[in-house]
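K.L.:
any chance you could fold what I've pasted below:
(2 chains)
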Amino acid sequence: MFVFLLGCVQNTIAQIGFNTSYSKPLGDFGASFGKAASFELFYTQTSDDGKIIGRVGFFHAEYKPRLDTFPVFLVQYDNGYKIYPGSLVYSNHKETSFFIEYNFRIWRYKKVDFFIGGGAVVGIVKNVYKADYTPILTQSVNNEDYIAGLRVRASVSYDINAHFSVLANILYQQETLTDWSSKYPTKNIGIGLVYNIMKQEKEED
Amino acid sequence: MKAIINTLLFLFVLLVLCSGCSKVQKNVHDYYPQVATTSAVVQADGSVLVKGTILSEGADPLSFVGFCMDTLPVPDMASNQKLVDTIYSNTFTASYPNLKAFKKYYFRTFAANRNGYSYGDVIAVGNVQIDSNTIDCKPALDSMKIVGNHREDSMKIYSATSPVYSTADGWVINVNAYEYGMILYFHDYPTQGTYLITNLSPDYSPYVRINVSSPLTFDTYLNSGTKLYVRSIDATHFEISFCDAVLPAGVDYSISARFRCAN
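P.N.:
Numbers count the residues shown, from 1 in each chain, chains lettered A, B, ... in the order given. Predicted coordinates:
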């Protein structure tokens, strides 16, 4: 893992961390699902000069639908259009994903580091929807689909002591189903705690 | 190296941010259009003109706008649906002809965009009747008059089949007067309204066949262009009339009639 994350860097500092965010669905995803808490559990390696951070971990969020029932319609064509009213009921939208990302220090002021970076995400989403267009059609679908995507993160890290640092960050994540049929963009604003497994000895700039 | 990282990050941010750019509405109901049912007014010909107003398109352009109608108090979108093609500065209209006079009808608008649909308020309309002043002439009740070739015959209608009955050729009313016979065919069950004869075939609504015996003898039909008025008199009776209906070339007579029958 060490070599995988920062393969070209000779000396690194290993860390584990936890981050919780206020996650806001964007775009069409935000039309159906509301804000939720998201969680990240990650392992990081920081180059010994503190300028590059490699991070791998898990992301989890569970978004609630914004309405109990969504008013939707069905269009039929038979010598002209006719539209039929229907309803759509969603379950919670659950996402669990694995991510890998790299962050680059762009500025440092005393014990505060500013990073910008990004990476890739793969995972799984689960939800159930029930569509009812009585008497034309009713269906219930259990979705369990693979997703893949990209993420960018801007973060500020403050070293509390040699072992702990806190992390405030804003994370944009864009994921799509593997058939490209649905996209799940989110904005996550969060705070986390990072524990240095080995004593931190960052170089001063 | 720094330039490469900056460029990659810039492209990365652009890619991520621009792939889900539609704005998230704070209030989820703002995704849906908002419409109001402005009015539903009985017209002189017995039809009801319904008017709607678009209050908001919602978060996306409108896909469909229209009206629905039922005799139940909360009409469903699919009930007697009329979709509207043209919108004039946020207002749109549709006409519901051939309604029964002594029923109460409920109308409401709806609008849909790609997110979903919403309804306007319900407006109830009762006493849907043709204004008798719109009828071109008023032949005497239960009479037929035939005019042409320097003669004029008026006959009393002594029977009209009641109620309207169904045959393979459509809904039929048989009318009998002395020396005259008349059969009215309606493709669909006749309802109150003004019918225009446009096609001389029972496959189209309506079609009126005239059979006359002595002293004149012909068996023909009312020419296209004739207006046929069907007016509800009470909950169970129609009054049907037509005025100076021209018969086809070769039969130089025009004919008027007014009679009542059970619906």
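K.L.:
outside of the longest helix belonging to chain A itself, list whatever touches it.
P.N.:
Counting by DSSP state H, the longest helix found in chain A is helix A:27-32. Applying CB atoms under 8 Å, 6 or more residues apart in numbering or on different chains, the contact partners of helix A:27-32 are A:24-25, A:65-66, A:70, A:90, A:182-186, B:19-22, B:24-25, B:28, B:31, B:59, B:115. From N, CA and C alone the C-beta is placed, and that goes for glycine too.
K.L.:
which ones among the residues you listed map onto strands?
P.N.:
Those of these mapping onto strands are A:Lys24, A:Pro25, A:Phe70, A:Tyr90, A:Lys183, A:Tyr184, A:Pro185, A:Thr186, per DSSP state E.
K.L.:
how much space separates the last one from A:Trp180?
P.N.:
Taking CB to CB, to the nearest Å as the criterion, A:Thr186 is separated from A:Trp180 by 17 Å.
K.L.:
more neighbours, those two?
P.N.:
Counted by other CB atoms under 10 Å in any protein chain shown, A:Thr186 and A:Trp180 do not tie: A:Thr186 has more neighbours, with 28 against 7.
K.L.:
ok, that one to B:Leu72 distance?
P.N.:
Using CB to CB, we find A:Thr186 at a distance of 44 Å from B:Leu72.
K.L.:
could you do B:Pro206 as well?
P.N.:
Counting by CB to CB, the gap from B:Pro206 to B:Leu72 is 29 Å.
K.L.:
now swap in B:Asn176 and tell me
P.N.:
Distance, B:Asn176 to B:Leu72, by CB to CB: 39 Å.
K.L.:
go on, A:Ser38?
P.N.:
Distance from A:Ser38 to B:Leu72, by CB to CB: 47 Å.
K.L.:
okay, those two: which has more neighbours?
P.N.:
The neighbour comparison of A:Ser38 against B:Leu72 (other CB under 10 Å) goes to A:Ser38, with 23 against 11.
K.L.:
pull the contacting residues for the more buried one.
P.N.:
With CB under 8 Å, 6+ apart, A:Ser38 has these contacts: A:Thr20, A:Ser21, A:Tyr22, A:Ser23, A:Phe59, A:His60, A:Ala61, A:Thr186, A:Asn188, A:Gly190.
K.L.:
can you map out the helices along chain B?
P.N.:
B:2-18.
K.L.:
my bad, should have said chain A
P.N.:
A:2-5, A:27-32.
K.L.:
any idea how far the nearest residue in space to B:Ala59 that is not next to it in sequence is from A:Lys64?
P.N.:
Nearest non-adjacent residue to B:Ala59, counting by CB to CB, 6 or more residues apart in numbering or on different chains: B:Tyr31, 4.5 Å away. For B:Tyr31, the distance to A:Lys64 (CB to CB) stands at 16 Å.
K.L.:
which one of these two is surrounded by more residues?
P.N.:
Of the pair B:Tyr31 and A:Lys64, B:Tyr31 is the one with more neighbours under other CB under 10 Å, namely 25 against 12.
K.L.:
and A:Ala61, how many residues sit next to it?
P.N.:
Under the neighbour criterion other CB under 10 Å, A:Ala61 is assigned a count of 25.
K.L.:
skipping adjacent residues, who's closest to it in space?
P.N.:
Leaving aside its sequence neighbours, A:Ala61 sits nearest to A:Ser38 (CB to CB, 6+ apart; 3.7 Å).
K.L.:
tell me what the one you found is bridged to.
P.N.:
Beta-bridge pairing for A:Ser38 (DSSP bridges): A:Ser21, A:Ala61.
K.L.:
ok, it to chain B distance?
P.N.:
Distance from A:Ser38 to chain B, counting by CB to the nearest CB, to the nearest Å: 16 Å.
K.L.:
give me the most central residue, chain B.
P.N.:
For chain B, B:Pro97 is the residue whose C-alpha lies nearest the centre (CA atoms, centre = their mean; 2.9 Å).
K.L.:
show me the contacts for that residue.
P.N.:
Residues in contact with B:Pro97, defined by CB under 8 Å, 6+ apart, are B:Asp45, B:Gly46, B:Ser47, B:Gly193, B:Thr194.
K.L.:
who wins for most neighbours among those?
P.N.:
B:Gly46 (25 neighbours).
K.L.:
that one reaches B:Glu239, doesn't it?
P.N.:
No. Between B:Gly46 and B:Glu239 there is no contact, the gap being 11.9 Å when judged by CB atoms under 8 Å.
K.L.:
what's across from the residue most central in space within chain A in the sheet?
P.N.:
The centre of chain A sits closest to A:Gln173, judged by CA atoms, centre = their mean, with a distance of 5.1 Å. Bridge pairing for A:Gln173 (DSSP bridges) gives the partners A:Arg151, A:Thr186.
K.L.:
doesn't A:Pro185 make contact with it?
P.N.:
Yes. Using CB under 8 Å, A:Gln173 is in contact with A:Pro185, at 7.0 Å.
K.L.:
residues contacting the spatially closest residue to B:Ala78 that is not a sequence neighbour?
P.N.:
Once flanking residues are discounted, B:Ala78 sits nearest to A:Tyr84: 5.1 Å by CB to CB, 6+ apart. Contact analysis of A:Tyr84 by CB under 8 Å, 6+ apart lists A:Phe73, A:Leu74, A:Val75, A:Gln76, A:Tyr133, A:Ile136, B:Met77, B:Ala78.
K.L.:
do you know how far A:Tyr84 is from B:Phe64?
P.N.:
Distance from A:Tyr84 to B:Phe64, by CB to CB: 11 Å.
K.L.:
what touches both of the two?
P.N.:
Joint contacts of A:Tyr84 and B:Phe64 (CB under 8 Å, 6+ apart) are A:Phe73, A:Val75.
K.L.:
so who does the residue in the stretch 101-250 of chain B that chain A sits nearest to touch?
P.N.:
Nearest residue of the stretch 101-250 of chain B to chain A: B:Gly116, at 4.3 Å (CB to the nearest CB). When contacts are counted by CB under 8 Å, 6+ apart, B:Gly116 touches A:Phe70, A:Pro71, A:Val72, A:Phe73, B:Tyr31, B:Tyr32.
K.L.:
those: which two are farthest apart?
P.N.:
A:Phe73 and B:Tyr31 (13.6 Å; CB to CB).
K.L.:
and the residue lying closest to B:Ala177 once chain neighbours are set aside, bridged to which residues?
P.N.:
In space, and not counting its chain neighbours, B:Ala177 is closest to B:Met155: 4.0 Å by CB to CB, 6+ apart. Bridge pairing for B:Met155 (DSSP bridges) gives the partners B:Met144.
K.L.:
surely B:Met155 touches B:Val175?
P.N.:
No. Taking contacts as CB under 8 Å, B:Met155 lies outside contact range of B:Val175: 10.6 Å.
K.L.:
could you list the low-pLDDT ranges of the stretch 51-200 of chain B?
P.N.:
Within the stretch 51-200 of chain B, the segments meeting pLDDT under 70 span B:162, B:199-200.
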